[in-house]
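In: Generate coordinates for the sequence data below:
(chains A and B)
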2 protein chains.
Amino acid sequence: MAYEDLKINGERLNETLQRTCTSWGALDAPSTGMCRLTLSQEDKETRDWLVMECKSLGCDVKIDEMGNIFATRPGTAKDRNSIGMGSHLDTQPAGGRYDGILGVQAALEVLRTLHENDITTHCPITLIDWTNEEGARFPGAMMASGVWSTKSSTGLDACWSLRDKDGVAMKNALEQIKYLGSTKCDYRENPLECHFELHIEQGPILEREGKSVGVVTSIQGMKWFAIRVTGVEGHSGTTPMPDRSDALVTASRLISTVRDVALETGLGVATVGVIKSDTSSQATIPAGVDFNIDIRCSNNDMVDQLAKSIFGAFDRVITEESNGTSYAVQRTWGLPESTFHPHCIESVRKAARKSVSEDQIMDTIISRAGHDSGWTSRVCPTSMIFVPSREGISHNPNEYTSPEHCALGAQVLLDSVLYYDEKVREGKY
Amino acid sequence: MAYEDLKINGERLNETLQRTCTSWGALDAPSTGMCRLTLSQEDKETRDWLVMECKSLGCDVKIDEMGNIFATRPGTAKDRNSIGMGSHLDTQPAGGRYDGILGVQAALEVLRTLHENDITTHCPITLIDWTNEEGARFPGAMMASGVWSTKSSTGLDACWSLRDKDGVAMKNALEQIKYLGSTKCDYRENPLECHFELHIEQGPILEREGKSVGVVTSIQGMKWFAIRVTGVEGHSGTTPMPDRSDALVTASRLISTVRDVALETGLGVATVGVIKSDTSSQATIPAGVDFNIDIRCSNNDMVDQLAKSIFGAFDRVITEESNGTSYAVQRTWGLPESTFHPHCIESVRKAARKSVSEDQIMDTIISRAGHDSGWTSRVCPTSMIFVPSREGISHNPNEYTSPEHCALGAQVLLDSVLYYDEKVREGKY
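Out: Residues are numbered from 1 along each chain as shown, chains lettered A, B, ... in the order given. Okay, the predicted model is just below:
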């Protein structure tokens, strides 16, 4: 069968996705939410199933030192690396069935389609399940693709020694579920030709614009900051209002300022999700409050501009109404924007046009969330395919993408891989 | 010796206070802070020592069902109850050496003074150590005096079944340190004639006004509220700023409003110390945030007025900039103002004038903190004596009251008790 006639089986894809979600990590019905934390028993069972499925399709399966699964269907070329199709099977503690999971299930559907049609590709084709994309059990999102890329500041040993809230070290968690592999977690020793990732948008843009598929050209840059506000502890009954240096009041004024500045400047998004007061006593004026700011913009310059505007506004709040409190900023994490590769972007654009009309395609969309593709793009050509998220909801049990859009995404993934493979065969990529 | 010539031994009082604090519950030097949580090993050893000291002074010691210690020096009257001198030996996790401890140590010094001068009083005189005044280990301040008064909504069984953060039930904790007594914890079965309490002010007023002693005429009223702000969970990267229903941004605006309204109205104090975001993920817009408001004013009408003003301002915030969030209020706890008894207030005023000049006395001061005397005042005549707190600091290792003020407080406590006793002997009280 010619490449251009190959069709993935949408029904099979959706049935497999829903069935495996129901089996491993589903929240109680009627919720369709998921809790499949990385390296949990639910994650292990999903992984075991995935490995068996891939082996049944004739794939060679390698597990690396971070538990990443590489399932490879051979090609004919001896001198080219695999075309990767990666995403993740882990979820947030109250996440949905599509974030990450769709990308891996669609990659499996691609392998199934190639297998049942007896297709021989030029490059090997590899499905990848990246470990701990969510960072929900062991802190640090996109962790294992970061190690593989060698570009993350959190290397293998640092990741291995991270502990979950029960004190289990990540290395022990890998051993316990038998996914501490011997393959080096390093792109130089276990390379890819390129990396494609199908993912739900997790935002409202495709739906709002009436598009079915988005060609992702970059991931926005992001920086995280830890803020510590310091005041003076006091008794809630005996300290007169004018005498207070209340750290939580100042923190509150700063947190509203984060939103106000992000809205006013229009440079990007800025969020405070986590806050911690020094006191657990209702009768105490807290001496200190910690909170974190997550800033994301299309590129790093804009991130820096927005951060500067926010901290400038913080200084004005402190000058005008600190009441003796102060604040300190610590830069905790960041990842500059990820620029995807023209060859991969072209492959996705061509593939999308095969399946839907021009007006259904958003030709350029910037990913507002981080993805494993952010790390892979630093060491091999990469791009992503987005399908719509209902109401833009994600990291939430109500996350939803229609079966039609899931199937469309998988078809575009197949065609992107085949287009890229053809170009390699022709010596053009 | 005549009543009017009796002098407490200030040196002995201060030496005993410092020595027992150093022995049982001191934080590491150079801090002079204390961690003597109720019913802990440190508390047990302090209690054991106190019981032995009181017995050596010829006192009869009773322990009640809440572990309250009643050490009674007999009087001659057969038809009158004891004049009580109560406070507490437990502290906050990072508290000081004076809050509560001074009141019990001064009561001991009163007993020592009566004993060494071989004084025979008309009424029996009882030192009381009230259990778990702080509510720092088992939640609920002034807990055991509340049970004794029978006026608290948290009765004996409810208190017994409270658990600390390690899951130890309060009844077990009482048993473990052998302070689960058989005396009924009920003022009707174990009554007091009246209750005096020497305490540090825990606020800045006496020091600021240059006074050495305050005659406490009431304890302000207080109400606690639990606020739940509800928004919509979202991804910090993918949710555009205008589309957000961010519960933490709204909670922040409400928390600054609490301070602003309390300052503007001047009705009393309002504090938010505890806050909890639904998410522990830095990359999540929280769906909900919980926080608590502590409101205290001179009387309950003012508490209600201030609460009404705060929630009115909340409604304006929600109308103007809720962005789809909402809030709900739950009343969690409250104690109307405690009005002290004219006989006890008169006793303290007369006693203060014996020791210091008129300009050193604040003749009327309202306690801004809650005390065991708040509960005793509901079932027997009560008042309190305040001595200054340096810089108003309390619930903090830097809490400090000078040895001279500690001694003065103990002398006023002695003279208050003797004045009251004399009035009872004369048939006037």
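
In: Quick check: A:K276 is in a helix.
Out: No. Read with DSSP: H, G, I helix; E, B strand; the rest coil, A:K276 is strand and lies in no helix.

In: how far away is it from A:S252?
Out: 14 Å (Cβ to Cβ, to the nearest Å). (Each C-beta comes from the backbone N, C-alpha and C, glycine too.)

In: Looking at these two, which has the bigger crowd around it?
Out: A:S252 (29 against 16; other Cβ atoms under 10 Å in any protein chain shown).

In: Report the separation between that one and chain B.
Out: 4 Å (Cβ to the nearest Cβ, to the nearest Å).

In: which SSE is that residue in?
Out: Here A:S252, judged by DSSP states H and E, is contained in helix A:247-265.

In: Next, the buried residues of that helix.
Out: Going by neighbour count (16 or more other Cβ atoms under 10 Å in any protein chain shown), the buried part of helix A:247-265 is A:247-262, A:265.

In: Close to chain B: what parts of the stretch 101-250 of chain A are there?
Out: Counting by Cβ under 8 Å from any Cβ of the partner chain, the positions of the stretch 101-250 of chain A adjacent to chain B are A:135-136, A:141, A:201-204, A:220, A:222, A:224, A:233-244, A:246, A:248-249.

In: Pull out the buried residues from stretch A:358-371.
Out: Here stretch A:358-371 shows A:I361, A:M362, A:I365, A:I366, A:S367, A:R368, A:A369, A:G370, A:H371 as buried, counting by 16+ other Cβ under 10 Å.

In: quick one: strands adjacent to whichever helix or strand comes after the helix holding A:S252?
Out: Counting by DSSP H and E, the next helix or strand C-terminal to helix A:247-265 is strand A:268-271. Paired strands of strand A:268-271, with direction, are strand A:288-297 (antiparallel) (DSSP bridges).

In: ok, back up a step: now intersect the residues of the stretch 101-250 of chain A next to chain B with the helices, please.
Out: Members of those lying in helices (criterion: DSSP state H): A:L248, A:V249.

In: are any of the residues of the stretch 101-250 of chain A next to chain B buried, and which?
Out: A:135-136, A:141, A:201-204, A:220, A:222, A:224, A:233-241, A:243-244, A:246, A:248-249.

In: Can you give me the pLDDT of the nearest residue to A:M302 once chain neighbours are set aside?
Out: Leaving aside its sequence neighbours, A:M302 sits nearest to A:L267 (Cβ to Cβ, 6 or more residues apart in numbering or on different chains; 4.9 Å). Per-residue confidence at A:L267 stands at 97 (pLDDT).

In: wouldn't A:L267 be in contact with A:I310 here?
Out: No. Using Cβ atoms under 8 Å, A:L267 makes no contact with A:I310, being 9.8 Å away.

In: What segments of chain A are helices?
Out: A:10-23, A:41-56, A:101-116, A:143-149, A:156-161, A:170-176, A:205-209, A:247-265, A:300-321, A:342-355, A:372-376, A:403-425.

In: tell me the mean pLDDT for the third one?
Out: The average pLDDT for helix A:101-116 rounds to 98.

In: for stretch A:290-301, same thing?
Out: Here stretch A:290-301 scores 96 as its mean pLDDT.

In: Now do the same contact list for the residue nearest to A:D363 when sequence neighbours are not counted.
Out: Sequence neighbours aside, A:V215 is the residue nearest to A:D363 in space, at 5.5 Å (criterion: Cβ to Cβ, 6+ apart). Contact partners of A:V215, counting by Cβ atoms under 8 Å, 6 or more residues apart in numbering or on different chains, are A:I345, A:V348, A:R349, A:A352, A:I361, A:M362, A:D363, A:T364, A:I365, A:S383, A:I385, A:F386.

In: Look up the pLDDT of the fifth one for me, please.
Out: Yep, that's A:I361 we're talking about. At A:I361, the pLDDT recorded in the model is 98.

In: which residues pair with it across the strands?
Out: A:V213.

In: again, but for the last one
Out: Under the criterion DSSP bridges, A:F386 forms beta bridges with A:H199, A:G214.
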